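Enquirer: Provided below are the primary sequence and the corresponding predicted coordinates.
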Amino acid sequence: MRTGNGHHDRRKRRDAKGDRPAIWIGYGKLVKLHRERSGLTQQQLAEAMGYSVEQVASVEQGRRPAKDTFTEAAERALDARGTLSVLQDDVDLAKLPSFFVDFALIEAEAVSRFSYDPLLIPGLLQTEEYARAVFTGNCPPLSDELIEQHVEARLSRQKLLTRAPAVNVSFIIEERVLLNAVGGRDVLLPQLRRLLDAGAQRNVEIQVMPSGRGFHPGLNGPMVLLETLEHQHVAYLESHGVGTVVTDPAKVSSFSLRCGKLRSQALNAEESARLIDRLAGEA
């Protein structure tokens, strides 16, 4: 009877966790283990880290994902010796929408990346304010907590642009995207400046597809083309919250041809920077 009741209790605990990612729960258990080994209460750990006790409790229970700053503070306070830091990328990855995770895993280890974006500034180039405006406008609406998780995850992905060894990254953005004041004019100007700063990096190329080009291969929709560590090419397509990873060589080859065509039809990097700079001056 005790065994049956114990199994029932464990099942209820699993049910109570809902959809919380296992990595958040595991990370929280590790924080609790380090804290108890250090002889600290949650209140004492919170004071040592400069966080509220509610925040510490939420992370320990897997209800809230740890941010980089939380992990850094916990490492210092608990002398965790890297056992928490090593989990941070996985904690961040679990903040992403479930449909996007498979692609994000491939993207994190890519050696090159190309994307064509006809509707929005690419996520890897978005400012925090622009990203928040995008997620705030989601339909159906997202909770405030989920919006912040998605924003944090998007900003975390941007480490790809400064990773060592450098990843060769190319973006083609439709000109009309640069004119669409997502989040308002106060958000647009810093976003345009962000594009100029990113484009100045040696491993980042930003091209603008000018309005009035007529038909071109990108009008079939946005796309991403990646080269993996094993030099396999993978395509990714996304629309309305549905993402598809394409690995069939024949299909990926077609995307590669479209990529080359788009690059030849867009403004080159220097011309694009001048256009973005001019638009920033007018914003």
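Expert: Sure, I can see it.

Enquirer: what lies in contact with stretch 71-80?
Expert: Applying CB atoms under 8 Å, 6 or more residues apart in numbering, the contact partners of stretch 71-80 are 31, 34-35, 38, 40, 45, 48-51, 66, 81-82, 84-85, 87-88, 91. Every residue, glycine included, has its C-beta placed from N, CA and C.

Enquirer: quick one, strands of the chain?
Expert: For the chain, strands defined by DSSP state E occupy the ranges 112-117, 168-174, 204-209, 223-227, 233-239, 242-246.

Enquirer: whichever of the contacts of stretch 71-80 end up buried, select them in PyMOL.
Expert: Buried residues within the contacts of stretch 71-80, by 16 or more other CB atoms under 10 Å, are selected in PyMOL with:
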select buried, resi 31+34+35+40+45+48+49+51+66+84+87+88+91
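
Enquirer: still on that earlier bit, now the strands of the chain in JSON lines, with mean pLDDT?
Expert: Listed next are these as JSON lines, based on pLDDT from 0 to 100:
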{"stretch": "strand 112-117", "mean pLDDT": "98"}
{"stretch": "strand 168-174", "mean pLDDT": "98"}
{"stretch": "strand 204-209", "mean pLDDT": "98"}
{"stretch": "strand 223-227", "mean pLDDT": "97"}
{"stretch": "strand 233-239", "mean pLDDT": "95"}
{"stretch": "strand 242-246", "mean pLDDT": "94"}
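
Enquirer: just to revisit the earlier point, which ones among the contacts of stretch 71-80 map onto helices?
Expert: Using DSSP state H, the members of the contacts of stretch 71-80 that fall within helices are 31, 34-35, 45, 48-49, 88, 91.

Enquirer: which residues touch Ala153?
Expert: 92-93, 95-96.

Enquirer: repeat that for 7 Å
Expert: Neighbouring residues of Ala153 by CB atoms under 7 Å, 6 or more residues apart in numbering: 92, 95-96.

Enquirer: pLDDT wise, what is it at?
Expert: At Ala153, the model reports a pLDDT of 92.

Enquirer: can you tell me the closest non-neighbouring residue to it?
Expert: Excluding its sequence neighbours, the residue lying closest to Ala153 (CB to CB, 6 or more residues apart in numbering) is Lys95, at 3.7 Å.

Enquirer: tell me, how many residues neighbour that neighbour?
Expert: 21 (other CB atoms under 10 Å).

Enquirer: equivalent analysis for Asn203, please.
Expert: Here the number of neighbours of Asn203 (other CB under 10 Å) works out to 15.

Enquirer: good, wrapping up.
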